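In: Predicted coordinates and the sequence they were generated for:
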Number of protein chains: 2
Amino acid sequence: MDITASTAALAAAAADVVRLVPTRLTDPLLSGMLLRAGPEGVVLAAGDRERTARVTCDAVAHTDGAVLVPGKPLAETLRALTVDTVRLVVEGSRLAIRADGARFALPLLDVALHPGVPEPPPARGTVPGHLFATALSTVAATASRDDTLPVFAGVRLRAEDGGLVLRATDRYRMAIARVPGEVADLDVLVPAQLLAEVGKQVGAGEVVLGMDANRFALSWGSTAVTTAVLDGVFLSESSLVLDTADTFVDLDADALTGAARRVALYTDARGVLQIDVGDHEVRLRGADPQAGEAEEAVKATVDGGRTSPAVQSRYLVDALRPFAGKRVRLAIQPGMRATAITSLDPEEMAVKYLMMPMLPPKQ
Amino acid sequence: MDITASTAALAAAAADVVRLVPTRLTDPLLSGMLLRAGPEGVVLAAGDRERTARVTCDAVAHTDGAVLVPGKPLAETLRALTVDTVRLVVEGSRLAIRADGARFALPLLDVALHPGVPEPPPARGTVPGHLFATALSTVAATASRDDTLPVFAGVRLRAEDGGLVLRATDRYRMAIARVPGEVADLDVLVPAQLLAEVGKQVGAGEVVLGMDANRFALSWGSTAVTTAVLDGVFLSESSLVLDTADTFVDLDADALTGAARRVALYTDARGVLQIDVGDHEVRLRGADPQAGEAEEAVKATVDGGRTSPAVQSRYLVDALRPFAGKRVRLAIQPGMRATAITSLDPEEMAVKYLMMPMLPPKQ
């Protein structure tokens, strides 16, 4: 193999692959990056037993060929280079990265021992990249970081009414986003961690979704990823929202976020703040034996009853994040049932956020 | 006490005090912030047994007085506020922070039990703030993070030829900066950690240095800090540089930094890279059984011999940082003696960086 490519483009491609398939230190072979040079440029790919990623990058191939080299060192070397073009060439048992006055030589791993990167499963539809990215950043962040219970560490992607609905929950809250698009016959549970990274990489173009019996695939631009799907029965939305909301509060999301952040400094060890619903405002209250007490009012339009839940301050701030700059409606249910947050402004990509209440803080 | 002040100014003052005297969790009293309101505004102060800080802030005092409250919660609350002005008023056993629609109440601590913040020791001279800040950022970063040996965790500040010389070493390297100014009769060893923070806060104005038997003081703008001085005999510069340099290499600091960063990705577990001095260039070389090998040339003007040291790549990058954008001279001594880096460009504040060599990497 012997190629010349734009350093910036190759560095970006290598970095994307490394971020989509993070290195497992247990197996040096699976931490390798496959490079395949041909008339179409160079394909960078990596894969462990669960997921794969491949990115195509423009390059001039002086000699075709395929090699396997340590992925992270390759990405870091390319990132550190400041010259415009770089040459990657096999020299004996090394892949040399050559740039003006410099030579970096990575050991070649045995490409024959790598499981390879299979073709992605068949497509089931497309969604617009920018809306999908926004939906992912909200929904994937709501899943649990703890992957011992896959159903809480995954995002459920389901074709509904032609569009795509994304749902994630960690038991205490649930995010639901509806992305318009043309998707059919899709219902999978996908690791949230991978989707969070995809959300950062997806651009403005179309994203293609695909699946087969046990794999899910996404592709956009010159990038494609596949992952094993998660097992588990996803918590139903209707188990949290029972249509018993009796209190509706309309207010400015940013004002509520600001107040929640400040009052959060005065909450107890659980981080719980009380939302007192009044006639023309909500009052957030926090109290802690050490820190002292805090109370802040936020103007609101209140309809129905005066049901006043207590919530995790951190979850409230998270829940309001997708609604930054918008007016929102809080639909509050009595008892230990979820509060739903939705936007009052029209939006292309609709988000609903459900938040379970907590026992109120001690007075 | 009852004052009204600009939220931004008061938040900045409280944040500066908290950064200069970090909270010790062992004693809640010493984590308190003293607020003293009078006709001159409000003075915010904190102190533990080793250091003190005080910042004066404009404020309208409706009622004079002094209180002690938890420092970090006060600073965080002020920082989180977005309104222009804020009122701090004693209400029973609380200091209330009042802003539009919000009330935050901090418990009052017993001001009588606080050791207080004594007046700073007498002045010994002044230096220009911007040069002093640059010198501190270089020199304080060179001291050891480990404060079990005070002499390596401190910066020596010494009046020399009317100016101020700052020196710090962690045994493997030494930074020396000469700041012009009017300073006399000063020679102290001061905790580097405090000076690093001072370097971030000092502005363009003058900085006054003071000392007495066991305290050192700095003041600038409306801020003053004092600290207990460290004990210990500082390593002499002349023990590292013996005037035996036989090889002089002049080159571009940024080019060498870039090459060092890249080759550092291929160094062994010790992080050592070899600097091979040639006729018109230096070649940096690194090799690691796993990572592979790297070699990069940097154009240079070489004078004298061809002594070629091996150095810690991280230390080389650190050593070049104060010379960013400049041409530097490396004066290399044979054997296990220090290499000195100085600027070839004229500068108001002169830095010399000494770096001990390492045993060369295995081939």
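Out: Received, thanks.
In: In contact with A:K299: list those residues for me.
Out: A:L251, A:D252, A:A255, A:H280, A:E281 (Cβ atoms under 8 Å, 6 or more residues apart in numbering or on different chains). Glycine gets a C-beta too; all of them are placed from N, C-alpha and C.
In: Also A:V351?
Out: For A:V351, the contact set (Cβ under 8 Å, 6+ apart) comprises A:A135, A:T138, A:A175, A:I176, A:A177, A:R178, A:P322, A:F323, A:T342, A:S343.
In: Then the fifth one would be within a helix, right?
Out: No: looking at A:A177 with DSSP: H, G, I helix; E, B strand; the rest coil, it is strand, so not inside a helix.
In: Stretch A:258-270 near chain B at all?
Out: Yes: Stretch A:258-270 is in contact with chain B by Cβ under 8 Å from any Cβ of the partner chain, via A:G258, A:A259, A:R261, A:R262, A:L265, A:Y266.
In: which other residues reach that stretch?
Out: By Cβ under 8 Å, 6+ apart, stretch A:258-270 touches A:271, A:273, A:284-289, A:291-298, A:312-314, A:316-317, A:320, A:358, A:361-362, B:73, B:76-77, B:80-82, B:102, B:104.
In: Please state the offset of it from the chain centre?
Out: Computed by Cα atoms, centre = their mean, to the nearest Å, the chain-centroid distance of stretch A:258-270 equals 26 Å.
In: Quick check on the contacts of A:K299: which are buried?
Out: A:L251, A:D252, A:A255, A:E281 (16 or more other Cβ atoms under 10 Å in any protein chain shown).
In: of all those, which comes closest to chain B?
Out: Distance ranking of the buried ones among the contacts of A:K299 against chain B, using Cβ to the nearest Cβ, places A:E281 first at 8.0 Å.
In: Give me the pLDDT for that closest one.
Out: For A:E281, the model assigns a pLDDT of 97.
In: now do A:P346
Out: Reported pLDDT for A:P346: 84.
In: Does it belong to a helix, a strand or coil?
Out: A:P346 ends up coil, using three-state DSSP.
In: check contacts around the closest residue to chain B within the stretch 201-350 of chain A.
Out: Closest contact between the stretch 201-350 of chain A and chain B, by Cβ to the nearest Cβ, is at A:E296 (3.7 Å). By Cβ under 8 Å, 6+ apart, A:E296 lies in contact with A:A259, A:R262, A:V263, A:R283, A:L284, B:G101, B:A102, B:R103.
In: Neighbours of the third one, how many?
Out: Residues contacting A:V263 under the criterion other Cβ atoms under 10 Å in any protein chain shown number 27.
In: roughly how far apart are it and A:G271?
Out: Look at A:V263 and A:G271: by Cβ to Cβ, to the nearest Å, they are 11 Å apart.
In: Overlap in contacts, those two.
Out: In contact with both A:V263 and A:G271: A:S313, using Cβ under 8 Å, 6+ apart.
In: Among the buried ones among the contacts of A:K299, which lie within strands?
Out: A:L251, A:D252, A:E281 (DSSP state E).
In: thinking again about what came up before, what's the PyMOL line that selects buried ones from the contacts of A:E296?
Out: Here is the PyMOL command that picks out the buried ones among these, judged by 16+ other Cβ under 10 Å:
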select buried, (chain A and resi 259+262+263+283+284) or (chain B and resi 102+103)
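In: so which of the contacts of A:E296 comes closest to A:S236?
Out: A:L284 (30.4 Å; Cβ to Cβ).
In: contacting residues for that closest one?
Out: Counting by Cβ under 8 Å, 6+ apart, A:L284 makes contact with A:L256, A:A259, A:A260, A:V263, A:L273, A:Q274, A:I275, A:D276, A:A294, A:E295, A:E296, A:V298.
In: What of A:L29?
Out: Contacts of A:L29 (Cβ under 8 Å, 6+ apart): A:L68, A:L109, A:D110, A:L113, A:H114.
In: and what of A:G271?
Out: Contacts of A:G271 by Cβ under 8 Å, 6+ apart are A:A264, A:Q312, A:S313, A:R314.
In: ditto for A:G305
Out: Here A:G305 is in contact with A:D246, A:T247, A:P334 (Cβ under 8 Å, 6+ apart).
In: where's the last one, which helix or strand?
Out: Secondary-structure assignment from DSSP states H and E places A:P334 in no helical or strand segment.
In: Count the residues that sit near it.
Out: Using other Cβ under 10 Å, A:P334 is surrounded by 14 other residues.
In: can you check the second one too?
Out: Counted with other Cβ under 10 Å, the burial measure for A:T247 works out to 20 neighbours.
In: pLDDT wise, what is it at?
Out: 97.
In: Spatially, and excluding backbone neighbours, which residue is closest to A:A294.
Out: For A:A294, ignoring the flanking residues on the chain, the nearest one in space by Cβ to Cβ, 6 or more residues apart in numbering or on different chains is A:Y266 at 3.7 Å.
In: Model confidence score at the one you found, please.
Out: On pLDDT, A:Y266 comes in at 95.
In: and if you look at A:D243?
Out: As predicted, A:D243 sits at a pLDDT of 84.
In: show me the residues around it that make contact.
Out: Under the criterion of Cβ under 8 Å, 6+ apart, A:D243 has no neighbours.
In: Would you check how far apart it and A:M358 are?
Out: From A:D243 over to A:M358 the distance is 22 Å, taken as Cβ to Cβ.
In: With A:V151 instead?
Out: With distances taken as Cβ to Cβ, A:V151 is found 22 Å from A:M358.
In: What are the buried residues along stretch A:282-293?
Out: So, applying 16+ other Cβ under 10 Å, buried residues of stretch A:282-293: A:V282, A:R283, A:L284, A:R285, A:G286, A:A287, A:D288, A:A291, A:G292, A:E293.
In: Show me what stretch A:90-99 is in contact with.
Out: Here stretch A:90-99 makes contact (Cβ under 8 Å, 6+ apart) with A:1-2, A:7, A:35, A:65, A:67, A:69, A:74, A:77-78, A:81, A:83, A:85-89, A:103-108, B:292-293.
In: Now do the nearest residue to A:L109 once chain neighbours are set aside against chain B, distance only.
Out: Closest residue to A:L109 apart from its sequence neighbours, by Cβ to Cβ, 6+ apart: A:L68 at 4.3 Å. Per Cβ to the nearest Cβ, to the nearest Å, A:L68 is found 13 Å from chain B.
In: For A:L68, list each beta-bridge partner.
Out: A:L34, A:L109 (DSSP bridges).
In: which SS class is the spatially closest residue to A:S137 that is not a sequence neighbour?
Out: Of all residues not flanking A:S137 in the chain, A:G199 sits nearest, at 4.8 Å (Cβ to Cβ, 6+ apart). Assigned with three-state DSSP, A:G199 falls in the helix class.
In: What's the local residue count around A:G199?
Out: 19.
In: can you tell me which residues contact it?
Out: Going by Cβ under 8 Å, 6+ apart, the list of residues near A:G199 reads A:F132, A:A133, A:T134, A:A135, A:L136, A:S137, A:A140.
In: Give the residue spans of chain A that score low on pLDDT.
Out: Counting by pLDDT under 70, the ranges of chain A that qualify are A:24-26, A:363.
In: Which parts of it belong to which domain?
Out: Following automatic domain parsing, chain A resolves into domains at A:2-113, A:123-236, A:240-355.
In: Which helix or which strand is home to the most centrally placed residue in chain A?
Out: Of all residues in chain A, the one closest to the mean position by Cα atoms, centre = their mean is A:A196, 1.7 Å from it. Taking DSSP H and E as the definition, A:A196 sits inside helix A:192-201.
In: Now that helix: buried residues?
Out: Of all the residues in helix A:192-201, those buried under the rule 16+ other Cβ under 10 Å are A:A192, A:Q193, A:L194, A:L195, A:A196, A:E197, A:V198, A:G199, A:Q201.
In: how about the helices in chain A?
Out: A:7-20, A:71-80, A:129-142, A:192-201, A:253-264, A:313-320 (DSSP state H).
In: how far away is the residue of chain A most remote from its centre from A:A105?
Out: Ranked by distance from the centre of chain A (Cα atoms, centre = their mean), the top residue is A:G92, with 41.0 Å. A:G92 is 9 Å from A:A105, where distance means Cβ to Cβ.
In: Good, wrapping up.
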